[in-house]
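*Asks:* fold the following.
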Amino acid sequence: MTPAGPLLVIDTATTRAVVALGTADGTLLEARSWTAGYRHGEELLARIAALLEDRGLAPGELGGLVVGTGPGAFTGLRVGIATAKGLAHALALPIAGVGTGSALLEAAGHGPAAPRVLLQPAGPSDRVVTRAGAPPAILAGGADPELRPGEVLVAVDLAGRAPEDAVTRGDAAHDRLAGALLRAGAARLAAGDADDLARLVPEYVTLPRGVREQPGDDAVAVTGGEA
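*Replies:* Here you go, the predicted model:
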């Protein structure tokens, strides 16, 4: 069932947070991004409120939410997904979680001739590799990703830790992230494939030092030490 109102998009999986609005058919209306570092909680709700106010929308006029689920670091993902789930619960809205990694790959462009491989940080030394159709995999510090013939590297949040051309492609992909998240989430919501709030979980790649995954916690992929 297609939502009746516009969709709010939230992503805090990277150091550049994203909020956006789009139509129920996946057309992007406006996207805003800012460098949040690892302080997403300080500005996210205010940025959402400002976006809605500037577009003349009340929260109750929204038709649904789309939230990026990672992979990403503990702090950002926890803030973003908790905020999205809280809004969905308070406003009785359907919500769709979309993998940030898959959306970045879509935004970067991929196909048989030039498949993209996404590289993101996983703590101070490790990195995480994501390929289309495959789960994220941790790459130990000091190791370089093994690219298959024809693959193109796209690096996000890795300035100085990845080739410059890969970082440039990552920046360009992130500029188109909101649209990719919106299209994927809108398609799911239109098909009635909304997430159960209790089962919507992030894909962590790092936990802060001293924090350990607990049984039943909403962690999917974990390694030590947040960047």
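*Asks:* and the strands in this structure, which stretches?
*Replies:* Taking DSSP state E as the test, the strands found in the chain are 7-11, 16-22, 28-35, 64-68, 72-73, 95-98, 116-122, 126-131, 137-139, 152-155, 204-206.
*Asks:* of these, which stretch is the most buried?
*Replies:* strand 72-73 (a mean of 30; mean count of other C-beta atoms under 10 Å). Just so you know, the C-beta spots here come from the backbone N, C-alpha and C atoms, and that holds for glycine as well.
*Asks:* of all the strands of the chain, which one is nearest Ala166?
*Replies:* Of all the strands of the chain, it is strand 152-155 that lies closest to Ala166, at 4.0 Å by C-beta to C-beta.
*Asks:* and that closest one, how far out from the chain's middle?
*Replies:* Mean C-alpha position of strand 152-155 versus that of the full chain (C-alpha atoms, centre = their mean, to the nearest Å) differs by 17 Å.
*Asks:* what does stretch 8-18 give?
*Replies:* Mean-position distance between stretch 8-18 and its chain equals 6 Å (C-alpha atoms, centre = their mean).
*Asks:* please apply the same query to stretch 150-162.
*Replies:* 17 Å.
*Asks:* in the protein, which helix has the most residues?
*Replies:* Secondary structure of the chain read by DSSP state H shows that its longest helix is helix 74-91.
*Asks:* just how off-centre is that helix within its chain?
*Replies:* Put simply, helix 74-91 sits 12 Å off its chain's centre (C-alpha atoms, centre = their mean).
*Asks:* that one - contacts with which helices or strands?
*Replies:* For helix 74-91, the elements it packs on are strand 7-11, helix 44-54, strand 64-68, strand 95-98, strand 204-206, judged by 3 or more C-beta pairs under 8 Å, 6 or more residues apart in numbering; DSSP states H and E.
*Asks:* give me the residues contacting the longest one.
*Replies:* Same thing as helix 44-54. 8, 10, 12, 17, 19-21, 30, 32, 34, 36, 58-59, 79-80, 83, 87 (C-beta atoms under 8 Å, 6 or more residues apart in numbering).
*Asks:* would you mark the buried spots in that helix?
*Replies:* Neighbour-count burial for helix 44-54, counted by 16 or more other C-beta atoms under 10 Å, picks out Leu44, Arg47, Ile48, Leu51, Leu52.
*Asks:* and the nearest residue to Thr23 once chain neighbours are set aside, how far from Thr100?
*Replies:* Of all residues not flanking Thr23 in the chain, Pro6 sits nearest, at 6.0 Å (C-beta to C-beta, 6 or more residues apart in numbering). According to C-beta to C-beta, to the nearest Å, Pro6 and Thr100 sit 21 Å apart.
*Asks:* so between those two, which is more surrounded?
*Replies:* More crowded of Pro6 and Thr100, by other C-beta atoms under 10 Å: Thr100, with 32 against 21.
*Asks:* helices and strands of the chain: which one bottoms out on pLDDT?
*Replies:* Within the chain, no helix or strand scores below strand 204-206, which has a mean of 68 by mean pLDDT, DSSP states H and E.
*Asks:* now the buried residues of helix 44-54 in TSV, with distance to Asp171 and pLDDT?
*Replies:* Shown next, in TSV, are those (distance: C-beta to C-beta, whole Å; pLDDT from 0 to 100):
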residue	distance to Asp171	pLDDT
Leu44	21	96
Arg47	20	96
Ile48	24	98
Leu51	22	98
Leu52	27	98
